[in-house]
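Peer 1: predicted model and sequence follow; I will ask about them next.
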Amino acid sequence: MIVGFSIALIVFSLLLMLLVLMHKGKGGGLSDMFGGGMQSSVGGSSVAERNLDRITVVIGLLWFVCIVVLGLLMKLK
């Protein structure tokens, strides 16, 4: 069971990294240095960005649940 949650944690970690990197830069930060500051006027980008936000939040919550469950399993072992 611990191995299963460990594998799930690795998968969710990789997905979370990928999803965060897919987000559009929203300020004058580090993302602007790598070309994130260029504005594009794609019609459906707001819907895609909202869906990406939702997916990122869900994966983040699953990642957090995996960490909590793994902590409890390790403590009880």
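Peer 2: Arrived safely, thanks for sending.
Peer 1: drop to CA atoms for contacts and neighbour counts, all remaining ones
Peer 2: Will do.
Peer 1: any idea how far residue 51 is from residue 57?
Peer 2: 10 Å (Cα to Cα, to the nearest Å).
Peer 1: any idea of the mean pLDDT for the helix or strand containing residue 13?
Peer 2: For residue 13, the element it lies in under DSSP states H and E is helix 2-22. For helix 2-22, the mean pLDDT works out to 95.
Peer 1: and that helix, which residues are buried?
Peer 2: 5, 8, 9, 12, 13, 15, 16, 19 (16 or more other Cα atoms under 10 Å).
Peer 1: from those residues, pick the one nearest residue 75.
Peer 2: When the buried residues of helix 2-22 are ranked by distance to residue 75 (Cα to Cα), residue 5 comes first, at 14.3 Å.
Peer 1: if I look at the closest one, how far off is residue 23?
Peer 2: Counting by Cα to Cα, the gap from residue 5 to residue 23 is 27 Å.
Peer 1: likewise for residue 63?
Peer 2: From residue 63 to residue 23 the distance is 18 Å (Cα to Cα).
Peer 1: same check, this time on residue 68
Peer 2: With distances taken as Cα to Cα, residue 68 is found 26 Å from residue 23.
Peer 1: just the strands in this protein please.
Peer 2: Remark: strands of the chain are absent; assignment by DSSP state E.
Peer 1: what's the longest helix in it?
Peer 2: helix 45-76 (DSSP state H).
Peer 1: what's the angle from that one to helix 2-22?
Peer 2: Relative orientation of helix 45-76 and helix 2-22, computed by axes from the mean of the first three to the mean of the last three Cα atoms, to 10 degrees: 150 degrees.
Peer 1: give me the buried positions along helix 45-76.
Peer 2: Across helix 45-76, burial judged by 16+ other Cα under 10 Å covers 52, 56, 59, 60, 62, 63, 66, 67, 70.
Peer 1: chain center to it: distance?
Peer 2: 7 Å (Cα atoms, centre = their mean, to the nearest Å).
Peer 1: renumber starting at 249 from here on
Peer 2: From this message on, residue numbering opens at 249, which makes the last subject helix 293-324.
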